[in-house]
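**Student:** Test case, fold it:
(chains A and B, ligands or ions: 2)
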Amino acid sequence: MKILVCITHVPDTTSKIQFTADNTKFDSTGVQYIIGPYDDYALARAVELRDQASGKLTVLNVGEADSEPTLRKALAIGADEAIRVNSAPKDSYFVAQQIAHYAKEGGYDLILMGRESIDFNGGMVHGMVGELLGIPSFSPVMKLDVDGSTVKMAREIEGGKELLEASLPLIAGCQEPIAEWKIPNMRGIMSARTKPLNVVEPISQETQAEASKYELPPAKGAVKLVDKDNVAELVKLLKNEAKVL
Amino acid sequence: MSILVYIEQAEGKVKKTSLEAVSFASALAAQTGEGDVVAVALGTIDNAELASIGKAGAAKVLHGADSKLDAGVIQAHASAVAQAFDLTGAKTLVLAKSSLGDAVAARLAIKLNAGLVSNAVELPKTDAQYVVKRSIYTGKAFAETTVTTENKILAIKKNAIDLKQDGADAQVESFDVSLNDADFASKITSTERATGDVLLPEADIVVSGGRGLKGPENWGMVEEMAKTLGAATACSKPVSDLGWRPHHEHVGQTGIKVAPTLYIAIGISGAIQHLAGVNSSKCIVVINKDPDAPFFKAADYGIVGDAFEVVPKLNEAFKAEL
Ligand SMILES: Cc1cc2nc3c(=O)[nH]c(=O)nc-3n(C[C@H](O)[C@H](O)[C@H](O)COP(=O)(O)OP(=O)(O)OC[C@H]3O[C@@H](n4cnc5c(N)ncnc54)[C@H](O)[C@@H]3O)c2cc1C
Ligand SMILES: Nc1ncnc2c1ncn2[C@@H]1O[C@H](COP(=O)(O)O)[C@@H](O)[C@H]1O
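**Tutor:** Numbers count the residues shown, from 1 in each chain, chains lettered A, B, ... in the order given. Ligands and ions are numbered 1, 2, ... in the order given. Take a look at the predicted model:
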């Protein structure tokens, strides 16, 4: 089985978000980059499936050279090879086109992504790639088992889940508890250095909805504390001041 | 011309988030002069329920009544909505962000060659360019996004607009959806859904518990508060990881993102990854015995105290007042 996992290179979840250049650029000063947490779930499940079916696992990122350490980390976790499509990810449509093109070229049976990226949070790239390739796409997937060409999945819906059956090839946007995040071990880190990381060029520059300017939410005012022996006061404040009851 | 809205239903009831999408479309239509708002609803729903979509501002509802569409089969719904888009000559599709809505919107973006903005938080600016403000970095920032295509899809975040409730009943028209086998290539074999409870992603009030509550046996007081307030219950990630509460209750960076009017956090420290899932709430109340818990910095109101003392008292106070 040939598996493709698409990963994002994103600020660590504890990062302070700031912008520069008149709010037109993300300020990466002091920011630590990671594999997107949902992509990390996808990768962990893909490693398990590859080990079961003795297939091949490729990771792909659409990003600039600074995302290579993130791809190396994915190789250390267990991917066999990496592809970097050499361009900033301009919008979901742009990214989806690149992924669809290289996915088709590679002839993958299964494409796993994260349910959403944690920078732009669209939750859209998997569905777009699915439509571009004419194959089914599912998200958010919390369980995925492959038996021959049959795939059984659990997809989260509001207040519960839905169990699904479909056939390969397909795309799934993953979230926990599909697998446990994997931490690279020493052997993985050593072998990652020599695994192939191929840089390819974008097939088109077309975009549809690019971000042009950023802004931060207004700062939160100080908390109003209510004494623990006077909880009725809190109820009054919620009712009459905040007007939320 | 009209603006099309994709309606989601659960067991024959139109979802409130879809009515918000209709309200949004109705305000957008008034702003741009794009004509009427037409809603497209799929599967078994009765006529009175469909007509009531008019209250939120839809003039017409196209009803694709085929019961094969009762289940939210992603590809089939995407095909049906694409057909409605062609039929109405719409240039804009509005829908609420949700598990099904996201999946359908993404496929439609390609089918309709439409620029898609996910997590839209307010009406677009449409004077010179078409610019939509959306939430990014899990609620930690906003981006102005310029859409350059003629067709557009806006997936709106909860609370992007107030629900409109003063419209007249909509005219309901049946709509023949043409579906093929490929649309049903995947099968939903079963659905498990908590019934009767308020659904977390749609709730106006959320009562949430963290590891400070010590164990699943202590959730009675949380549920009691939720019941009094007509709220949904939620929890932090460790709580669902430990199996104290079901996974679909876990909010935060890697869980559900909620945007209620009121979020009450009990025994939750307020780690940045937790805040990422709740920072769009209008009002946050924190109950924690540690005055230095980071959550107090993100809160509007707080009580420093032991949850096992404070919550039962608060439950009585809510009951007395409501
Ligand atoms: C990549 C990543 C993603 C993550 N995603 C999420 C996510 O989506 N959601 C999430 O919640 N977390 C997430 N986390 C975990 C997060 O960092 C925190 O560990 C978690 O939110 C802590 O949960 P908690 O507040 O319930 O528990 P704790 O941190 O253990 O806090 C318990 C709190 O309860 C208080 N307390 C104890 N006893 C009492 C009492 N009797 N009365 C009142 N208060 C009491 C304590 O003072 C403390 O503040 C993520 C972490 C990472 C690294
Ligand atoms: N630049 C990118 N490179 C590779 N994969 C990506 C990229 N952006 C998004 N994806 C994949 O698509 C998923 C959904 O992203 P999004 O639609 O941006 O929320 C992510 O979790 C990734 O798996």
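**Student:** so which residue of the stretch 101-250 of chain B comes closest to chain A?
**Tutor:** B:Ala106 (2.4 Å; C-beta to the nearest C-beta). Backbone N, C-alpha and C define where each C-beta goes, glycine included.
**Student:** residue contacts, that residue?
**Tutor:** By C-beta atoms under 8 Å, 6 or more residues apart in numbering or on different chains, the residues touching B:Ala106 are A:92, A:123-128, A:130-131, A:137, B:116.
**Student:** What helix or strand is it located in?
**Tutor:** B:Ala106 belongs to helix B:99-111 when assigned by DSSP states H and E.
**Student:** gap between whatever helix or strand comes next after that helix and the chain center?
**Tutor:** Note on helix B:99-111: by DSSP H and E, the next helix or strand toward the C-terminus is strand B:114-120. With C-alpha atoms, centre = their mean, to the nearest Å as the basis, strand B:114-120 stands 15 Å off its chain's centre.
**Student:** can you check stretch A:37-52 too?
**Tutor:** The mean C-alpha position of stretch A:37-52 is separated from the chain mean by 12 Å, C-alpha atoms, centre = their mean.
**Student:** And stretch A:147-161, by the same measure?
**Tutor:** Chain-centre distance of stretch A:147-161: 18 Å, with C-alpha atoms, centre = their mean.
**Student:** Flag every residue of chain A that's near ligand 1.
**Tutor:** Proximity of chain A to ligand 1, by C-beta under 6 Å from any ligand atom, involves residues A:13, A:37.
**Student:** Chain B: helices as residue ranges?
**Tutor:** B:16-32, B:47-51, B:74-88, B:99-111, B:220-229, B:237-241, B:272-275, B:307-321 (DSSP state H).
**Student:** re earlier: quick one: distance of the helix holding B:Ala106 to the chain centre.
**Tutor:** Centroid separation for helix B:99-111 versus its chain: 15 Å, with C-alpha atoms, centre = their mean.
**Student:** Can I get it in CSV? Just the C-alpha atoms.
**Tutor:** What follows is helix B:99-111, C-alpha atoms only, in CSV (Å, rounded to 0.1, in the frame of the first residue of the first chain):
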residue,chain,number,x,y,z
SER,B,99,-18.4,18.4,10.6
LEU,B,100,-20.6,17.9,7.5
GLY,B,101,-20.6,21.5,6.3
ASP,B,102,-16.8,21.7,6.1
ALA,B,103,-16.5,18.5,4.1
VAL,B,104,-19.3,19.6,1.7
ALA,B,105,-18.0,23.1,1.3
ALA,B,106,-14.5,21.9,0.4
ARG,B,107,-15.7,19.7,-2.4
LEU,B,108,-18.0,22.5,-3.7
ALA,B,109,-15.2,25.0,-3.8
ILE,B,110,-13.7,22.8,-6.6
LYS,B,111,-17.0,21.8,-8.2
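**Student:** quick one, longest strand in chain A?
**Tutor:** strand A:137-147 (DSSP state E).
**Student:** That strand vs helix B:74-88, what angle?
**Tutor:** 150 degrees (axes from the mean of the first three to the mean of the last three C-alpha atoms, to 10 degrees).
**Student:** How about residues contacting stretch A:190-209?
**Tutor:** By C-beta under 8 Å, 6+ apart, stretch A:190-209 touches A:62, A:68, A:71-73, A:75-76, A:79-87, A:90-94, A:97-98, A:101-102, A:184, B:109, B:114-117, B:132, B:145-149.
**Student:** Considering only the residues you listed, which also neighbour ligand 2?
**Tutor:** A:62, A:92.
**Student:** and the contacts of stretch A:190-209, which are buried?
**Tutor:** Buried residues within the contacts of stretch A:190-209, counting neighbours by 16 or more other C-beta atoms under 10 Å in any protein chain shown: A:62, A:68, A:71-73, A:75-76, A:79-85, A:87, A:90-94, A:97-98, A:101-102, A:184, B:109, B:114-117, B:132, B:145-147, B:149.
**Student:** And the contacts of the longest helix anywhere in chain A?
**Tutor:** The helix spanning the most residues in chain A, taking DSSP H as the definition, is helix A:37-53. Outside helix A:37-53, the residues that touch it by C-beta under 8 Å, 6+ apart are A:1, A:3, A:5-8, A:13, A:34-35, A:55-57, A:59, A:74, A:77-80, A:110, A:112-118, A:144, A:146, A:172-176, A:178-182, B:253-254.
**Student:** right, is it up against ligand 2?
**Tutor:** Yes. Judged by C-beta under 6 Å from any ligand atom, helix A:37-53 and ligand 2 are in contact via A:38-39.
**Student:** Check stretch B:88-107 too.
**Tutor:** No. Stretch B:88-107 stays clear of ligand 2 (C-beta under 6 Å from any ligand atom), getting no nearer than 7.4 Å.
**Student:** quick one, what contacts the closest residue to A:Ser117 other than its chain neighbours?
**Tutor:** Residue nearest to A:Ser117 in three dimensions, not counting chain neighbours: A:Thr8, with 4.4 Å by C-beta to C-beta, 6 or more residues apart in numbering or on different chains. Listed by C-beta under 8 Å, 6+ apart, the contact set of A:Thr8 reads A:35-36, A:39, A:61, A:63, A:89, A:114, A:117-119.
**Student:** Include neighbour count when you put those residues into a markdown table, please.
**Tutor:** Putting the contacts of A:Thr8 into a markdown table (neighbours: other C-beta atoms under 10 Å in any protein chain shown) gives the following:
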| residue | neighbour count |
| --- | --- |
| A:Ile35 | 25 |
| A:Gly36 | 26 |
| A:Asp39 | 29 |
| A:Asn61 | 27 |
| A:Gly63 | 22 |
| A:Pro89 | 21 |
| A:Gly114 | 30 |
| A:Ser117 | 26 |
| A:Ile118 | 25 |
| A:Asp119 | 21 |
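**Student:** Okay, and which of those map to helices?
**Tutor:** Per DSSP H, the contacts of A:Thr8 map to helices at A:Asp39.
**Student:** which one of the contacts of A:Thr8 is nearest A:Thr20?
**Tutor:** Taking C-beta to C-beta as the measure, A:Thr20 sits nearest to A:Asp119 out of those, at 15.8 Å.
**Student:** surely the closest one meets A:Val10?
**Tutor:** Yes. Between A:Asp119 and A:Val10 there is a contact at 4.8 Å, judged by C-beta atoms under 8 Å.
**Student:** Show the end-to-end separation of stretch B:88-104, please.
**Tutor:** 18 Å (C-alpha to C-alpha, to the nearest Å).
**Student:** Wondering if it reaches chain A at all.
**Tutor:** Yes. Among the residues of stretch B:88-104, B:97-100, B:102-104 lie within reach of chain A under C-beta under 8 Å from any C-beta of the partner chain.
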